[in-house]
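Student: Sequence first, predicted model second:
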There are 2 protein chains.
Amino acid sequence: MKTYLNEMKNRVENKMMEYLEELSYPKVMTEGMKYALLNGGKRLRPVLLYMTLDMLGIPKDKGDSLASAIEMIHSYSLVHDDLPALDNDDYRRGKLTTHKVYGEANGILIGDSLLTYAFFIASTKSSNIDNDKLIKILGLISEYSGIQGMIGGQVVDIESEGKIVDLETLQYIHAHKTGRLIRLPIEIGAIIGDLEESKKNLLVKYADLIGLAFQIKDDLLDIEGSFEEIGKPVGSDIKLDKSTYPAIFGLEKTKEILNDKIIEAKNIIIENFPENNENFLNLADYIMNRSK
Amino acid sequence: MKTYLNEMKNRVENKMMEYLEELSYPKVMTEGMKYALLNGGKRLRPVLLYMTLDMLGIPKDKGDSLASAIEMIHSYSLVHDDLPALDNDDYRRGKLTTHKVYGEANGILIGDSLLTYAFFIASTKSSNIDNDKLIKILGLISEYSGIQGMIGGQVVDIESEGKIVDLETLQYIHAHKTGRLIRLPIEIGAIIGDLEESKKNLLVKYADLIGLAFQIKDDLLDIEGSFEEIGKPVGSDIKLDKSTYPAIFGLEKTKEILNDKIIEAKNIIIENFPENNENFLNLADYIMNRSK
C-alpha cells in the first residue's frame, strides 16, 4: 500500500507541476500556487481516483487532469481556511502557511487562482474523456466543493465554534467539509468507468465511511499526536472548541466508532467488489492506523 | 438602449435569483451570495452576451446560464477585492460591502461560493448548449477569470500600488483585470452562434476596446464624479496611487484616448457587422457618456 500511495502521490504531483509550468506570470502567484500545492500533502483524493480507475480496469491517464483539479481545490480550501479571518493558522504540516509567506492579500488570491485553475485543468486537459461525461463531472466538482458541499460544511463548522453541537450538525459538518471531496474522486472514477448506478452508490457509501473515519482519526491525532507527527500545534481545534467526535463521545467510544466505520467500509468492498480490491481494503486500514 | 439594458439586467437578475433559490443552507451563505449579487450592478457582462446572441439571431435563453455564471464571477471578484487585506473598501455603489455586513470570514467564503456556484450553474444549467461547445466555453471562463486573466491583472495592479508604472504594465492590468471578463461574454456568444474565426476575432477586438474604454471612464469618474454618482468615496483609487490613464496622460489626453477607442470600436462593427448592430454601437456611446 505504501508503495502504491507513493507512486500515485508522485504521479499527481508531477502532473500538477506540469500544469503549473504553463503559467509564468505574475510570478508571486505561480510561486504561491506551487508553495500551496507542494506542502507535503498525502494526496488522498487523487489516490482515490486512481484506485477507482485501477479497480475498474481504466488506464490511469484518464484520471490525471481530474485528480490534479481535485487536489488543487483541496489545496485552495486549506489556503483560505488558514487565513487570519478564518482559522488563523501559522503552520500546516510543519511549514508556514501560504499567507504567512506571501501575505494575506496574495493568500486570498492564490486560493482563488488554485480554485479557478482547477476548473481550467479539468475542462481543458481532459480530452481523453467523453465530453458528456466531462460536463457531468464538472457539475459534480462544483457541487461538492461549493456551498452544497465543502464550503457549506466549513461555514457550519465556523458557526459551531464555541458551541455544543448535536450529532446531526456534526455529521453535516463532516459529510460536507471533508466528506464530499473524498466522495468526489471515487464518484468521478465510477463515471469514467461506466459503473452501473447501484454499484456506484455502494462505492460512494464506502467513500463516505472512510471520509468520516479520516475526519475522526484527524480529531484523535489532534488530541493524541505530537507537533512532529501532525505538523501543527497539538490541540489547536480543541482550543477553538471545535465540534469533534471526541468532544461528544469521549476518546474510547470515538475509537470504537472509528473501528466500526472501517469494518463497514471494508465489508462493502468485500461483498460487492471481490476483484482487484486490495487497495480499497488496505486504504481503509491505512486511514485508521496512520500516525499523521 | 436604456430600455434594452434594463430588460437584460432584469432578465439576468431573475435568472440568478432562480438559480440561488435552489440553495437554502447555510443561510448566511445564501443570503450573503444574494446580497453580493444584488448590489445594483449594471450587468454589463450579461448584457454583452445577450447582445451578441441577438445580433447573431440566437435565442436569448441559450445565454441565461452563462450570463449568470459570468456575473457571479464578476461579483465574487468584487467581494474579494473589497476585503480588508485587499482594497479595504467599506462601500460599493453606495451600499456596505459584503464583508462589512457578513464579517470577513464569511466575506471570503461568500466569494468562494459565488465562484464555485458560477461553475455549477454553467455546467449543470446549459443543457440547451452542445456539450463540445460548453466544454470549450468552460475552459474560456476559467482562463479569463483566473491567473491568466482577471486575477493576474488584479495581482499586478496590487503590486503597482504606490509606484509609477509604464504604459505596458498599465495595459496589462486593464486588459486582464477588467478586459478579459468583458471579452468573455462576447466570445461565448460567438462560440454559441458558430461565428467564423475571423469574425469572432473582430468582435473580440471590439470587446477589448470597449473594455479599455470602460476602465478609462471609471478612472475619470473616480476623479470627476461625486459620491452619489459612483457610490464610493471619490478619489479612492488616487489615494492608493493606483495606476490609471489620467495619472499617466493627464485628464485631457485621457478623454481624447477614450474618444478614440470608442470610435475605433464602433468602426469595427459598422464595417464588419452591418446588420442588427444598433446595440453594439449604442453600448459604445453609453460607456463613454455614462455618469456612473
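Tutor: It's in. Residues are numbered from 1 along each chain as shown, chains lettered A, B, ... in the order given.

Student: from here on, contacts and neighbour counts on C-alpha atoms
Tutor: Fine.

Student: Which residue, other than its chain neighbours, is closest to A:Y19?
Tutor: Spatial nearest neighbour of A:Y19, excluding adjacent residues (Cα to Cα, 6 or more residues apart in numbering or on different chains): A:I121 at 7.5 Å.

Student: Give me the number of neighbouring residues for that neighbour.
Tutor: If you count neighbours by other Cα atoms under 10 Å in any protein chain shown, A:I121 ends up with 24.

Student: Might one say that it is in contact with A:S65?
Tutor: Yes: A:I121 is within contact range of A:S65, at 6.0 Å (criterion: Cα atoms under 8 Å).

Student: which element is the residue of the stretch 151-292 of chain A found nearest chain B on?
Tutor: Per Cα to the nearest Cα, the residue of the stretch 151-292 of chain A with the smallest distance to chain B is A:G152, at 6.1 Å. Secondary structure assignment for A:G152, by DSSP states H and E: helix A:150-159.

Student: which residues touch the residue of the stretch 151-292 of chain A closest to chain B?
Tutor: When contacts are counted by Cα atoms under 8 Å, 6 or more residues apart in numbering or on different chains, A:G152 touches A:146, A:173, A:176-177, B:25-26, B:29.

Student: are any of the residues you listed buried, and which?
Tutor: Buried residues within the contacts of A:G152, defined by neighbour count using 16 or more other Cα atoms under 10 Å in any protein chain shown: A:146, A:173, A:176-177, B:26, B:29.

Student: which non-adjacent residue is nearest A:A118?
Tutor: A:A69 is the one closest to A:A118 (Cα to Cα, 6+ apart), at 4.2 Å.

Student: which residues touch A:N131?
Tutor: When contacts are counted by Cα under 8 Å, 6+ apart, A:N131 is found next to B:131-132, B:135.

Student: what do you get for A:I173?
Tutor: By Cα under 8 Å, 6+ apart, the contact list for A:I173 reads A:152-154, A:156-157.

Student: Run a quick check on A:D64 versus A:K15, I expect a contact.
Tutor: Yes: counting by Cα under 8 Å, A:D64 touches A:K15, with 6.7 Å between them.

Student: Looking at these two, which one has more neighbours?
Tutor: Using other Cα under 10 Å as the criterion, A:D64 and A:K15 rank with A:D64 on top: 23 against 15.

Student: Which one (most neighbours) among the contacts of A:I173?
Tutor: A:G153 (28 neighbours).

Student: wait, isn't that one in contact with A:H174?
Tutor: Yes: using Cα under 8 Å, A:G153 is in contact with A:H174, at 6.9 Å.

Student: returning to what we had before: so among the contacts of A:I173, where is pLDDT lowest?
Tutor: Comparing pLDDT over the contacts of A:I173, the lowest score belongs to A:D157 (92).

Student: Now it: closest residue in space that isn't a chain neighbour?
Tutor: In space, A:D157 is closest to A:I173, 6.0 Å off (Cα to Cα, 6+ apart).

Student: ditto for A:K261
Tutor: Nearest residue to A:K261, sequence neighbours excluded (Cα to Cα, 6+ apart): A:L209, at 5.8 Å.

Student: Need the three-state assignment for that neighbour.
Tutor: For A:L209, the assignment made with DSSP: H, G, I helix; E, B strand; the rest coil gives helix.

Student: Report the separation between it and A:I188.
Tutor: Relative to A:I188, A:L209 is positioned 17 Å away (Cα to Cα, to the nearest Å).

Student: what's the answer for A:N39, then?
Tutor: Distance, A:N39 to A:I188, using Cα to Cα: 25 Å.

Student: quick one: which of these two has more around it?
Tutor: A:I188 (26 against 16).

Student: So the more buried one sits against A:I135, correct?
Tutor: No: when contacts are counted by Cα under 8 Å, A:I188 is not listed as touching A:I135 (11.2 Å).

Student: Report the contact partners of A:A36.
Tutor: Counting by Cα under 8 Å, 6+ apart, A:A36 touches A:75-76, A:79, A:97-98.

Student: Same question for the helix or strand hosting A:K255: list its buried residues.
Tutor: Assigned by DSSP H and E, A:K255 belongs to helix A:251-272. Buried residues in helix A:251-272, counting neighbours by 16+ other Cα under 10 Å, are found at A:254-255, A:258-259, A:261-266, A:268-269.

Student: cool, stretch A:76-93 as well?
Tutor: A:76-83, A:85-87, A:89-90, A:92-93.

Student: Tell me the residues of the stretch 51-200 of chain A that contact chain B?
Tutor: A:80, A:85-86, A:104-106, A:108-109, A:112-113, A:116-117, A:119-120, A:123-124, A:131-132, A:134-136, A:138-140, A:142-143, A:145-148, A:151-152, A:155-156 (Cα under 8 Å from any Cα of the partner chain).

Student: List the ones among these that fall in helices.
Tutor: Of these, the ones assigned to helices by DSSP state H are A:80, A:104-106, A:108-109, A:112-113, A:116-117, A:119-120, A:123-124, A:131-132, A:134-136, A:138-140, A:142-143, A:145, A:151-152, A:155-156.
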